[in-house]
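J.: Sharing a model that was predicted from the sequence below.
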Amino acid sequence: MRFLIGFMTSVILASAALAQGLPQDVADAYRGYEAAVDAENWADAAYHSERAWRAAETGDVDAATTTLLAANYGEVALIVGNNAGAAEAYERAAEIMGRRHEDVETRANYLRMAAQAYYLAQDFARAHRLSEDATNGYERLPQGETRAAGLYQSNLLSAFSVMNEGDSIRAGRFAREAMEALSEIGPVANNDTASLTFLAGLAETFRNNAEEAGYYFSLSGYINETIGSEGRTAEIANAWASYARGNIPARDRPDLIRRLQESGYEPAGCGTALLSCSAEADGQGVVSRFGPDAVIEGGTPLRRSPPEYPEDAERAGVEGIALVMFDVETDGSVSNGEVLYAVPHPVFGEAALEALERWEYSPMLVDGVPTRRENIYTQFAFELSN
């Protein structure tokens, strides 16, 4: 699964008047920056804009101008791929603004851009810390699209940073916050939202919240199909969605269908016929395979012993989850077990497959004839006891 951040940056181009009244070294560096921008020489622009900022830090330059010069270098540093330099500059701009206690939105933007730069530099711990600081700033803004957009972007960064630190389940909490913020703006189908909805579904699965897991995995399946994701991402999301929806009480299923309809996302190729394409379609595979008049009996579990907790994971205090797919043969034995997804380590999938080998079902009878069952999904949550 590929995670992308789709932020756009814009270079802060102040007027030439900014250089007036500045110390000579700052003014000279800034004019060099302007000349480099006019020539579209971004390497030189980055060099001179950094000189202007650092000279302002040591010279007699007011805080507002120093903040602007720091952020200006941050923008250009991102353009030339100096992510660590951009992160330092944006973090400094936010720090100066914090001392002045003004313009909450701009400071939150600087924190978010610093977090983005740290993320690109693969310093995920700092990216996470600053993205949460940005979230705290955006939460202080009045309700509206600006606040929602900021919260979406900062929580997206938190989710992906935490995921890259190795905690996909915790990342799901931030993913859900990001998607809730985005819902105030409108549906967006791209790599980011495909990943965010998957992470949110993962977190809700670990919380044993079938309705929320079904909702977010359904959205992830819709989005992955819409954007044509490579690999098996859409298949895995849809499999997990189907499993989760199958564990929702019948009385609660209409609420899930309503939420999916109101989300603005649609299954690929379904148009507005959501009822026949999502939750209402769960469990219809047997009917479509054998016909509505077939008499289907059996297929119930006789022995389903739980998996053993992987010893290394247990000693390390690591919890996990696995989604598996399998078939049931005509004699009730389990075959073709396959791990579709396991986090945070493959050992949880291996333990799940070992458990499947010990499972046994009563044969499924179709009009009295033992019949093979295919593509059955189940999940295993590995939780440590207190």
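T.: Yep, that arrived. Quick caveat: nothing in here was measured; it's all calculated off a predicted structure.
J.: gap between A237 and T193?
T.: To T193, A237 is 12 Å away according to CB to CB, to the nearest Å. For glycine as for every other residue, the C-beta is placed from the backbone atoms N, C-alpha and C.
J.: Over to P306?
T.: With distances taken as CB to CB, P306 is found 34 Å from T193.
J.: same check, this time on N224
T.: 10 Å.
J.: cool, and R54?
T.: From R54 to T193 the distance is 39 Å (CB to CB).
J.: biggest helix in this protein by residues?
T.: Taking DSSP state H as the assignment, the helix of the chain that covers the most residues is helix 145-164.
J.: higher neighbour count, R54 and T193?
T.: A direct count of neighbours by other CB atoms under 10 Å for R54 and T193 places T193 higher, at 26 against 19.
J.: List the buried residues in stretch 22-36.
T.: Across stretch 22-36, burial judged by 16 or more other CB atoms under 10 Å covers L22, V26, A27, D28, A29, Y30, R31, G32, Y33, E34, A36.
J.: Which residue would you name as the spatial centre of this structure?
T.: L196 (2.7 Å; CA atoms, centre = their mean).
J.: So it: helix, strand or coil?
T.: Assigned by DSSP: H, G, I helix; E, B strand; the rest coil, the conformation of L196 is helix.
J.: tell me the contacts of it?
T.: L156, A159, A175, A178, M179 (CB atoms under 8 Å, 6 or more residues apart in numbering).
J.: Now it: closest residue in space that isn't a chain neighbour?
T.: A175 (4.2 Å; CB to CB, 6 or more residues apart in numbering).
J.: by contact count, what packs against the strand or helix carrying G85?
T.: Using DSSP states H and E, G85 sits in helix 83-100. Counting contacts by 3 or more CB pairs under 8 Å, 6 or more residues apart in numbering; DSSP states H and E, helix 83-100 is packed against helix 42-58, helix 63-79, helix 104-120, helix 124-138.
J.: Where does the prediction get shaky in the stretch 101-250 of the chain?
T.: 101 (pLDDT under 70).
J.: let's see 80
T.: 101-102, 231 (pLDDT under 80).
J.: is it true that T378 lies in a strand?
T.: Yes - inclusion of T378 in a strand is indicated when three-state DSSP is applied.
J.: Quick check: it touching G246?
T.: No - in this structure, T378 is not within contact of G246 by CB atoms under 8 Å, at 9.9 Å.
J.: List the residues that contact G59.
T.: With contact taken as CB under 8 Å, 6+ apart, G59 is in contact with L22, P23, D25, V26.
J.: Farthest-apart pair in the residues you listed, please.
T.: L22 and D25 (8.6 Å; CB to CB).
J.: still on that earlier bit, with pLDDT as added columns, please give the buried residues of stretch 22-36 in CSV.
T.: Output for the buried residues of stretch 22-36, formatted as CSV (pLDDT from 0 to 100):
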residue, pLDDT
L22, 85
V26, 94
A27, 92
D28, 93
A29, 95
Y30, 94
R31, 93
G32, 95
Y33, 95
E34, 93
A36, 96
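J.: how many other residues sit next to P301?
T.: 13.
J.: That should have said G81, apologies.
T.: 12.
J.: Starting from A203, give me the distance back to it.
T.: Separation of G81 from A203 (CB to CB) stands at 33 Å.
J.: quick check: mean pLDDT across stretch 355-372?
T.: Mean pLDDT, computed over stretch 355-372, is 90.
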